[in-house]
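Trainee: after the sequence you'll find the predicted model.
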Amino acid sequence: MARTRTSGIWVAVIVAVLVLVFLLIFILQNLAGAQVFFLGASGTLPLGVAMLLAAVAGALLIALVGSARIFQLRHTARRRRH
């Protein structure tokens, strides 16, 4: 059983490394400058970096909404048990 769990972890590590390599290739191939505006601030970033930051911000927003929903469901379940 422990061997299966360990090999599963290594598969996950290898997949994560491959995803990071593809992200690095994507960023390095999209180094053209992109003008970025946010809440009155502006600046120039490489296009790949700007897209990566937008994806990370979207993932964080989804995680925040998902966490709030899980908290709400747990609170409702706890209230029904009592």
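Mentor: Thanks, I have it. Predicted, not measured: the structure shown is a model, and the values here were computed from it. Numbering: from 1, shown residues only.

Trainee: what's the top helix by length along the chain packed up against?
Mentor: If you go by DSSP state H, the chain has its longest helix at helix 47-81. Packed against helix 47-81 by the contact rule (3 or more Cβ pairs under 8 Å, 6 or more residues apart in numbering; DSSP states H and E) you find helix 2-29, strand 33-38. The C-beta positions use only the backbone N, C-alpha and C, and glycine is treated the same way.

Trainee: could you tell me the least trusted of the ones you listed?
Mentor: Lowest mean pLDDT within the helices and strands packed on helix 47-81: helix 2-29, at a mean of 85.

Trainee: how about it: buried residues?
Mentor: Residues of helix 2-29 classed as buried by neighbour count (16 or more other Cβ atoms under 10 Å): Ile27.

Trainee: switch the helices and strands packed on helix 47-81 over to TSV; also include distance to Ala68.
Mentor: As requested, those are exported to TSV (distance: least, Cβ to Cβ, whole Å):
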stretch	distance to Ala68
helix 2-29	27
strand 33-38	23
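
Trainee: which one, of those, ends up nearest to Gly48?
Mentor: The closest of those to Gly48 is helix 2-29. By Cβ to Cβ, the value is 3.5 Å.

Trainee: what angle sits between the longest helix of the chain and strand 33-38?
Mentor: With axes from the mean of the first three to the mean of the last three Cα atoms, to 10 degrees defining the directions, helix 47-81 sits at 40 degrees from strand 33-38.
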